[in-house]
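Asks: just coords:
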């Protein structure tokens, strides 16, 4: 039996953006946790988001230990999903393998990506008390690929993104996902996003040390570990 696979989803697609940096922070926090049964390998994670998805950890030695959890990052920006245009209602398709039954090639590709994973952690900013349209759009394309899988929520914003977490929990529950109790909100008070960049490549945004220190004082890393262990416990039920 192969290890269970958890995808950490970068949900914002605008440029520049803080989301990929926060996603990497969450990945590194979970992967270093001695209580979470991952292979403790933390490679350099490129800020280039063209890889689809980014496999983490990378190793030449295949991991076949069913006790292990492997973590990966999926960036919605690299999926290039158009505004929902699938004529097929996802819930009406065969649950065992819906991918071949979609009409649009991008939907079939997205379905194949999501079927590879056993659980998800959605990392999202708060936009006007809700989640970005890019995340809602990506979720709406599918149904059976999400159904029954554990899900965790991490939000960020000037006050931590609590309203977005509430909204997202309702959406994921509607998709019949098993949303774990712990959700984590990261207040972003000092980190700024550069504006007006003319570079063709996305500019990496670094988290201000004052925000990192604030998260540490608030026990954010402990909450993230709780979230991770709740997902692991849900996966153990399968």
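Replies: Right, received. Where do you want to start? What you are looking at is a predicted structure, and each value in this text was computed from that prediction instead of being measured.
Asks: Now residue 123, what are its backbone angles?
Replies: Residue 123 adopts backbone torsions of phi -110, psi 120, taken as degrees, to the nearest 10.
Asks: ok, so what distance separates it from residue 184?
Replies: Per C-beta to C-beta, to the nearest Å, residue 123 is found 9 Å from residue 184. Bear in mind the C-beta positions are built from the backbone N, C-alpha and C, glycine included.
Asks: I'd like the mean pLDDT over the helix ranked longest in the chain, please.
Replies: Secondary structure assigned by DSSP state H gives helix 220-236 as the longest helix of the chain. Across helix 220-236, pLDDT averages out at 96.
Asks: just to revisit the earlier point, got any residues that touch both of residue 123 and residue 184?
Replies: Between them, residue 123 and residue 184 share these contacting residues under C-beta atoms under 8 Å, 6 or more residues apart in numbering: 154, 155.
Asks: Sort out which residues of the longest helix of the chain are buried, please.
Replies: Judged by neighbour count using 16 or more other C-beta atoms under 10 Å, the buried positions of helix 220-236 are 220-221, 223-232, 234-235.
Asks: And for stretch 159-177?
Replies: 160, 161, 163, 164, 165, 167, 168, 169, 171, 172, 175, 177.
Asks: So for that stretch, mean pLDDT?
Replies: Stretch 159-177 carries an average pLDDT of 98.
Asks: outside of it, which residues touch it?
Replies: By C-beta under 8 Å, 6+ apart, stretch 159-177 touches 120, 122, 124-127, 129-131, 135-136, 139, 143, 146-151, 153, 155, 157, 179, 183, 185-187.
Asks: Which of those fall in strands?
Replies: Within those, residues falling in strands by DSSP state E are 120, 122, 124-125, 150-151, 153, 155, 157, 179, 183, 185-187.
Asks: Can you name the residues that contact residue 153?
Replies: 121, 122, 124, 165, 168, 169, 172, 179, 183, 184.
Asks: As JSON lines, those residues with distance to residue 195 would be great.
Replies: As requested, these are exported to JSON lines (distance: C-beta to C-beta, whole Å):
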{"residue": "121", "distance to residue 195": "28"}
{"residue": "122", "distance to residue 195": "26"}
{"residue": "124", "distance to residue 195": "21"}
{"residue": "165", "distance to residue 195": "27"}
{"residue": "168", "distance to residue 195": "27"}
{"residue": "169", "distance to residue 195": "31"}
{"residue": "172", "distance to residue 195": "32"}
{"residue": "179", "distance to residue 195": "34"}
{"residue": "183", "distance to residue 195": "29"}
{"residue": "184", "distance to residue 195": "27"}
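Asks: now, the most widely separated pair of the residues you listed?
Replies: 172 and 184 (14.9 Å; C-beta to C-beta).
Asks: and residue 215, what does it touch?
Replies: By C-beta under 8 Å, 6+ apart, the residues touching residue 215 are 186, 187, 221.
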